[in-house]
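Trainee: generate a structure from the sequence data that follows.
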Amino acid sequence: MKHFLLYLFLMIYPIVSFSQEITVTPLPNLNPTQQNPEQSIIDKLENEVIDEQDNEAIGETGTGALLRALDRVSGETLDIELLNGQETFFFDLIVKMNECRFPQGDLASDAFAYLMIRNVDETVSLFSAWMIASSPTLSALDHPRYDIWVIRCTNS
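Mentor: Numbers count the residues shown, from 1 in each chain. Next up is the predicted model:
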């Protein structure tokens, strides 16, 4: 019994005697574009606010895109080429490719594709945003089983 009380005292004493007060100080307001410069590119594309200078940086519009889908459970991958405005099935998902853009004169380099993805049996969209080929995790589909990403734009 003596050992138990001593053990209990040694367990509780440090918690009570050495507790300290924690103060939270808010961070100063930061400009959102300073936090994530790549996010500002996505915002420009989503809002369709593209002036002549931005249009040169973003480049040309392709006729479609090459997408790749992965079923994480079976390990099966599927590549499919979609035209702008075309909708298709990827496993249990419906994917609509609205538009694909790429740097001027370099079709094989970085692509930006606006995708809308939803489950077959639902009307609510799982993903509706620009996806960037070089940084698929920047704006990614959040699905427990499937993963979809952009490979490149097509122009045929």
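
Trainee: Leu70 and Tyr146 touch, don't they?
Mentor: Yes. If you go by C-beta atoms under 8 Å, Leu70 and Tyr146 touch, sitting 6.8 Å apart. Placement of C-beta: from N, CA and C, glycine included.

Trainee: tell me which of the two has more neighbours.
Mentor: Neighbour comparison, Leu70 and Tyr146: the larger count goes to Tyr146, with 20 against 17 (by other C-beta atoms under 10 Å).

Trainee: hmm, that one is touching Phe91, no?
Mentor: Yes. The pair Tyr146 / Phe91 is scored as a contact, 5.8 Å apart, by C-beta under 8 Å.

Trainee: common neighbours of these two, please.
Mentor: Shared contacts of Tyr146 and Phe91, defined by C-beta atoms under 8 Å, 6 or more residues apart in numbering, comprise Ala69, Asp71.

Trainee: which residues touch stretch 100-109?
Mentor: With C-beta under 8 Å, 6+ apart, stretch 100-109 has contacts from 45, 56, 58-65, 84, 110-114, 150, 152-155.

Trainee: got the buried residues for it?
Mentor: Cys100, Arg101, Phe102, Pro103, Leu107 (16 or more other C-beta atoms under 10 Å).

Trainee: quick one: name whatever helix or strand follows the helix or strand hosting the second one.
Mentor: Using DSSP states H and E, Arg101 falls within strand 93-102. Beyond strand 93-102 on the C-terminal side, the first helix or strand identified by DSSP H and E is strand 112-119.

Trainee: paired strands for that following strand, with orientation please.
Mentor: Take DSSP bridges as the rule and strand 112-119 pairs in its sheet with strand 93-102 (antiparallel), strand 125-132 (antiparallel).

Trainee: show me what the helix or strand following the shortest one packs onto, helices and strands only.
Mentor: Read it as strand 125-132. Reading on from strand 125-132 to the C-terminus, the next helix or strand found by DSSP H and E is strand 146-154. In this structure, strand 146-154 makes packing contacts with strand 64-71, strand 93-102, strand 112-119, strand 125-132, judged by 3 or more C-beta pairs under 8 Å, 6 or more residues apart in numbering; DSSP states H and E.

Trainee: run the angle between the longest one and strand 146-154 for me.
Mentor: Direction vectors for strand 93-102 and strand 146-154, defined by axes from the mean of the first three to the mean of the last three C-alpha atoms, to 10 degrees, enclose an angle of 30 degrees.
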